[in-house]
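1. I need the structure of the sequence given here:
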Amino acid sequence: MKRLMRRRSEAQAAGEVAAAAAVAMPMADPDPTAAAFFDVDNTMMRGASIYHFARGLASRGLFTTKDLVRFALGQALFRVRGDENPDHIAKARETALAFVAGNRVEDIVRLGEEIYDEAMADRIWAGTRALAQSHLDAGQRVWLVTATPVELARVIAQRLGLTGALGTVSETVDGVYTGRLVGDLLHGPAKAEAVRALARREGLDLTRCSAYSDSANDLPLLSLVGHPTAINPDAELREHARDSKWEIRDFRTGRKATMVGLPIAAGAGAVAGGVAAAIALRRHYRSL
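-> Residues are numbered from 1 along each chain as shown. Below you'll find the model as predicted:
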């Protein structure tokens, strides 16, 4: 019971940190009480955004491929098994953003913009993008909600013309990353807490809001709003959505469906898990 209460407290703290860091883009004729919340990996874009980001940083010499693989594989088991060991969770928090430690925030943001244009823009699901645009056209705010670092999440939101982003917040001192997190990873229950905190700040009526995700990890978020939709769902989320009579949208075909449906990808809700998923997928395709 104490462990469960501690995890709830950590999720709430992570959500409040993410909401506090959220910056909204202005919009004309807004619907003041409704908004839409979109997960990123395998929901808004194919694959894991943090993998493409980390790969781009590695290609620019910020760290080595060997470091990337060692870091990713060290986190993969934790994410796939859903291990709740407090020591493992603490380690995940400490290492999730270690690869940007010592770099200036403004440099990482600039690189994020470059890497998005190079490696992510053509991975956006057209169907999901259209759903987001329909909310914007209706005057509703549209937020990304992701375990990806908030700086990268903001880049994606800005490139897509969305309102803003909730993401994992890293500690900085004098504009330089320390490699530690503020709060916890924005993953699972923490996403719901972030949206709940943002709703309080922005005066949103959650019963009028919508949420979209591919993963059962986001059931707390999907269950929080009045209009949940499963996008490219994993098996567990698909079953839950059917039982709950939620809308299901699947934009995958052929190889793409296999790509985002593998167990590791489905379980990789956090930063490190996204990197591990992409590496596992590459090995999967080499074996075909």
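2. burial measure for the residue nearest to Arg252 when sequence neighbours are not counted, as a count.
-> Leaving aside its sequence neighbours, Arg252 sits nearest to Asn232 (Cβ to Cβ, 6 or more residues apart in numbering; 5.3 Å). (Each C-beta comes from the backbone N, C-alpha and C, glycine too.) Per other Cβ atoms under 10 Å, the neighbour tally for Asn232 reads 28.
3. Likewise for Ser244?
-> Neighbour tally, Ser244, other Cβ under 10 Å: 12.
4. if we can go back for a sec, and the gap between the residue nearest to Arg252 and Thr43?
-> Plainly put, Asn232 is 7 Å away from Thr43 if you go by Cβ to Cβ, to the nearest Å.
5. what do these two both touch?
-> Common contacts of Asn232 and Thr43 (Cβ atoms under 8 Å, 6 or more residues apart in numbering): Trp125, Asp214.
6. least trustworthy helix or strand in this structure by mean pLDDT?
-> Ranked by mean pLDDT, DSSP states H and E, the weakest helix or strand in the chain is helix 263-267, scoring a mean of 35.
7. Was I right to think Ile156 contacts Val142?
-> No - Ile156 lies out of contact with Val142 (Cβ atoms under 8 Å); the separation is 11.7 Å.
8. Next one, pLDDT for Ile108 please.
-> Ile108 is assigned 92 on the pLDDT scale.
9. tell me the SS of it?
-> helix (DSSP: H, G, I helix; E, B strand; the rest coil).
10. What of the one 10 residues further on?
-> Remark: Glu118 carries the secondary structure label helix [criterion: three-state DSSP].
11. any idea where the strands of the chain begin and end?
-> 35-38, 141-149, 164-168, 170-173, 176-181, 210-213, 227-231, 247-249 (DSSP state E).
12. Go through those and name the closest to Tyr51.
-> Closest to Tyr51 of the strands of the chain is strand 141-149 (Cβ to Cβ; 10.1 Å).
13. Kindly tell me how buried the closest residue to Pro220 other than its chain neighbours is, as a neighbour count.
-> Leaving aside its chain neighbours, Pro220 sits nearest to Ala192 (3.8 Å; criterion: Cβ to Cβ, 6+ apart). Ala192: 24 surrounding residues under other Cβ under 10 Å.
14. And Ala192, what's its pLDDT?
-> 97.
15. Ok, Lys245 next?
-> The per-residue pLDDT reported for Lys245 equals 97.
16. From Thr229, how far off is it?
-> From Lys245 over to Thr229 the distance is 12 Å, taken as Cβ to Cβ.
17. So which residues of this protein form helices?
-> 2-21, 49-59, 65-81, 86-95, 105-115, 126-137, 150-160, 189-202, 219-222, 235-244, 254-261, 263-267, 271-286 (DSSP state H).
18. Compare these and say which comes out lowest on pLDDT.
-> Averaging pLDDT over each of the helices of the chain puts helix 263-267 lowest, since it has a mean of 35.
19. quick one: the closest residue to Ala21 other than its chain neighbours from Ser223, how far?
-> Distances taken as Cβ to Cβ, 6+ apart put Val169 closest to Ala21, at 5.0 Å, once the chain neighbours are dropped. As for Val169, its distance to Ser223 is 24 Å (criterion: Cβ to Cβ).
20. Which one of the two is surrounded by more residues?
-> The residue with more neighbours, out of Val169 and Ser223, is Val169; 24 against 13, by other Cβ under 10 Å.
21. OK, contacts around Ile156?
-> Val40, Met44, Met45, Ser49, Tyr116, Met120, Leu144, Thr148, Ala165.
22. any idea how far Leu186 is from it?
-> 14 Å.
23. contacting residues for Leu160?
-> Contacts of Leu160 by Cβ under 8 Å, 6+ apart are Met44, Ile124, Arg129, Ala132.
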